[in-house]
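>>> Please work out how this folds:
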Amino acid sequence: MTRITKNTLFYGDNLKILREYIADESVDLVYLDPPFNSKRTYNVLYKEENGRESEAQIAAFEDTWHWDKTAEAIYHELINEGSPEVAQMIGALRQFIGSNQMMAYLVMMAVRLIELKRVLKNTGSLYLHCDPTASHYLKIVLDSIFGVKNCINEVIWKRSDAHSDAKQGAKHFGRIHDVLLFYVKSNSHIFNPQYLPLPETTVDKWYRNVEEGTGRRYNKADLTAAKPGGDTLYEWKGIKPPPGRYWAYSREKMKELEEKGRIVYSKSGRPYMKRYLDESKGVQMQDLWVDISMLRGIHRKGERLGYPTQKPISLLERIITSSSNEGDLVLDPFCGCGTTIAAAQKLNRRWIGIDITHLSIALLKYRLKDMFEITQHDEYQVIGEPVVLGAAKQLAKDNRYQFQWWALSLVRAKPLGATSGGKTGKKGKDKGIDGVIFFIDDDSGKPKRVLVQVKSGKVKSPDIRDLRGTVEREKAAIGVFITLESPTKDMKTEAVSSGFYHSDGWEQDYPKIQIFTIKELLDGKTVDMPPLHATFKRAKKERKGDPTVRKHIDPKKLEAPTQRDLL
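Numbers count the residues shown, from 1 in each chain. Next comes the predicted model:
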């Protein structure tokens with residue numbers, strides 16, 4: 001097994017990666033948000049694999065697995081090689097649910113959860129994020145793998161405000177929460193209690209006293225206890241504890257509190273402890289989280305990246321802070337747009353992220369660059385991406401959409417028509433265009449576009465003429481043609497004859513149509529364009545002072561970074 005010594009992003013099937021790369025008891029915290037219902041308004045019938053519809057209807061997963069030979073093989077692996085508890089559980093579930101999409105999902109999750117338990121340290125924790133569509137099934141699976149006694153909490157996260165579904169004819173209560181299933185490997189797990197500020201009503205009701213001279217608010221706490229604890233039955237300034245009670249502190253400690261001004265007396269002379277409001281930690285976090293709202297609209301404090309299942313970074317910060325310490329290793333096997341990884345980086349944890357789409361890996365690399373100004377050559381590595389031409393050709397042969405997204409990431413272009421699940425084959429409104437790069441090269445703040453097309457097969461000069469026509473029709477600044485095969489002489493001539501885009505801000509001309517081979521991009525060649533650009537909505541930087549995030553920019557006052565610098 002290869003030993004992971006630095007922060008790592010993996011492209012590929014997380015089951016295979018877990019088995020080949022992640023060592024036993026090496027991870028401190030696992031958070032996973034597997035594909036479970038990426039479009040919450042999308043409902044389909046709960047169908048058997050033979051096409052017949054079940055009588056029951058549930059919200060189904062757009063990104064679900066299907067019951068096929070792979071699911072059947074893993075089912076038999078769980079029955080024959082799993083623990084007796086897991087074998088019994090998975091067999092009973094299949095008998096109850098049937099051989100359908102939900103069962104395939106649970107089988108695929110079960111085999112991965114077994115691996116995730118293996119890689120967890122004895123002090124480690126796992127949080128599985130899901131919605132009520134499958135939380136009850138997943139809890140049964142987790143109970144069988146981790147043990148019922150190791151279920152710590154079922155946390156309810158209020159992810160949105162009230163839904164007005166009834167206006168559209170819905171006959172149910174508004175569905176506004178997700179579930180976080182919190183499991184541990186042993187009772188020695190790491191846990192750092194978190195606190196919320198005291199409610200104003202509590203402050204007004206309990207901290208009514210104000211200390212003279214300092215203005216500090218305090219309440220008066222009882223100084224007696226129900227059980228003795230040493231020298232705790234004595235007379236203090238003529239006052240004894242009530243019958244059946246004892247002083248909460250020894251005589252020596254009471255003297256110390258008196259000297260520090262921490263004791264206040266009632267009119268009858270009874271002593272009370274001063275508990276200051278400014279020393280209160282607040283209210284300990286409970287298992288109902290209503291204070292972290294969903295990401296809304298275009299952005300929230302620069303956080304929204306346009307990824308359909310993105311979670312607030314504050315949600316992951318709470319989980320990571322609660323169940324790990326600085327320097328610990330955090331693993332997200334379904335890392336998506338990388339909120340877990342961003343939170344771990346921000347909180348000084350080590351991390352591993354895994355995803356099966358190049359779209360996610362590309363977006364995560366952009367996010368790390370934008371938030372922390374780090375690249376894979378600095379503080380992390382990427383395993384599974386092509387680094388030589390032969391691997392790129394194999395990727396194109398295996399999956400042309402994955403190849404397309406990976407190729408777009410080489411020039412930091414946003415895919416058009418992309419979804420998190422990796423199943424879209426639709427083009428955007430710019431027909432024939434696979435991606436777009438936005439840039440700003442004047443003080444107007446108005447973005448301009450570089451349209452990008454990717455070809456993995458045979459190429460010819462009409463392809464360049466078509467791209468040129470699209471760039472003109474869409475009033476874009478530049479067109480980029482990425483090809484796996486070498487361009488013909490006619491293609492190069494066609495590109496050169498297209499002329500230039502002139503940037504007034506940079507007082508420079510850039511070729512209107514540019515052709516790049518995959519080999520050239522792997523060798524470090526980049527798009528010739530104004531340097532200030534964005535693709536996905538940029539993540540908010542974690543430190544100040546970066547001029548590229550200002551709303552209005554005078555490019556003449558900036559030193560132009562290269563495209564490679566920005567990747």
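
>>> got the buried residues for the helix or strand residue 203 falls within?
Here residue 203 is covered by helix 200-206, with elements defined by DSSP states H and E. For helix 200-206, a neighbour-count test (16 or more other C-beta atoms under 10 Å) marks residue 206 as buried. Every C-beta, even on glycine, is put in place using the N, C-alpha and C of the backbone.

>>> Give the other helices and strands that the helix or strand harbouring residue 110 contacts.
Secondary structure assignment for residue 110, by DSSP H and E: helix 101-119. Contact here means 3 or more C-beta pairs under 8 Å, 6 or more residues apart in numbering; DSSP states H and E; on that basis helix 101-119 packs against helix 14-21, strand 27-32, strand 44-47, helix 69-81, helix 84-97, strand 120-130, helix 135-146.

>>> how near is residue 509 to residue 527?
According to C-beta to C-beta, to the nearest Å, residue 509 and residue 527 sit 14 Å apart.

>>> between these two, which one's more packed in?
Just comparing residue 509 and residue 527: by other C-beta atoms under 10 Å the higher neighbour count belongs to residue 527, 22 against 12.

>>> OK, contacts around the more buried one?
With contacts defined as C-beta atoms under 8 Å, 6 or more residues apart in numbering, residue 527 is in contact with 411, 437, 450, 478, 480, 514, 516, 563.

>>> okay if I get the residues you listed as TSV plus neighbour count?
Supplementary listing: the contacts of residue 527 in TSV, determined by neighbours: other C-beta atoms under 10 Å:
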residue	neighbour count
411	24
437	25
450	26
478	24
480	27
514	22
516	20
563	18
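
>>> of those residues, closest to residue 146?
For residue 146, the nearest member of the contacts of residue 527 is residue 411. The distance, counting by C-beta to C-beta, is 43.9 Å.

>>> Leaving out the residues flanking it, which one is nearest to the closest one?
Of all residues not flanking residue 411 in the chain, residue 527 sits nearest, at 5.2 Å (C-beta to C-beta, 6 or more residues apart in numbering).

>>> Please report how far that neighbour lies from residue 501.
The gap separating residue 527 from residue 501 is 12 Å, by C-beta to C-beta.

>>> for residue 20, same thing?
46 Å.

>>> And residue 280, by the same measure?
Residue 280 sits 61 Å away from residue 501, going by C-beta to C-beta.

>>> Equivalent analysis for residue 511, please.
Distance from residue 511 to residue 501, counting by C-beta to C-beta: 8 Å.

>>> now residue 433
The spacing between residue 433 and residue 501, counted by C-beta to C-beta, is 16 Å.

>>> returning to that earlier point: so for residue 20 and residue 501, which sits in the more crowded spot?
Between residue 20 and residue 501, counted using other C-beta under 10 Å, the more crowded position is residue 501 (22 against 11).

>>> OK, contacts around that one?
477-478, 509-512.

>>> at 7 Å instead, please
Residues in contact with residue 501 (C-beta atoms under 7 Å, 6 or more residues apart in numbering) are 477-478, 510, 512.

>>> Reformat the residues you listed as TSV; add secondary structure.
Formatted as TSV, the entries for the contacts of residue 501 read as follows, by DSSP: H, G, I helix; E, B strand; the rest coil:
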residue	secondary structure
477	coil
478	strand
510	strand
512	coil
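
>>> Which one of the residues you listed sits in the busiest neighbourhood?
Each of the contacts of residue 501 was scored by neighbour count (other C-beta under 10 Å); the top score is that of residue 478, with 24 neighbours.

>>> excluding its backbone neighbours, what's nearest that one?
In space, residue 478 comes closest to residue 450 once its chain neighbours are excluded; the distance is 4.4 Å by C-beta to C-beta, 6+ apart.

>>> hang on, that neighbour packs against residue 481?
No. Using C-beta atoms under 7 Å, residue 450 makes no contact with residue 481, being 11.3 Å away.

>>> buried residues in stretch 435-450?
For stretch 435-450, a neighbour-count test (16+ other C-beta under 10 Å) marks 435-442, 448-450 as buried.

>>> Next, the residue nearest in space to the middle of the chain: phi, psi?
To find the centre residue of the chain, average its C-alpha atoms and take the closest one (C-alpha atoms, centre = their mean): that gives residue 339, at 2.7 Å. Backbone dihedrals for residue 339, given as degrees, to the nearest 10, come out at phi -60, psi -40.

>>> How much space separates it from residue 112?
Remark: distance between residue 339 and residue 112 (C-beta to C-beta) = 20 Å.

>>> mind showing which ranges of the chain have poor pLDDT?
Within the chain, the set of residues satisfying pLDDT under 70 comprises 1-2, 36-65, 163-167, 295-309, 417-431, 532-540, 542-567.

>>> what residues go with each domain of this structure?
Taking automatic domain parsing as the reference, the chain has its domains at 7-194+286-381, 196-279, 388-557.

>>> Can you give the distance of the first one from its chain's centre?
For domain 7-194+286-381, the gap between its own C-alpha mean and the chain's C-alpha mean amounts to 10 Å (C-alpha atoms, centre = their mean, to the nearest Å).

>>> do the same with the second one
Domain 196-279 sits 45 Å away from the centroid of its parent chain (C-alpha atoms, centre = their mean).

>>> start to end distance for that domain?
End-to-end distance for domain 196-279: 13 Å, by C-alpha to C-alpha, to the nearest Å.

>>> And stretch 89-97, what's buried?
In stretch 89-97, residues buried by neighbour count (16+ other C-beta under 10 Å) are 89-90, 93-94, 97.

>>> Redo the residues you listed as JSON lines? Include distance to residue 473.
JSON lines is the format used below for the buried residues of stretch 89-97 (distance: C-beta to C-beta, whole Å):
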{"residue": "89", "distance to residue 473": "58"}
{"residue": "90", "distance to residue 473": "55"}
{"residue": "93", "distance to residue 473": "54"}
{"residue": "94", "distance to residue 473": "54"}
{"residue": "97", "distance to residue 473": "51"}
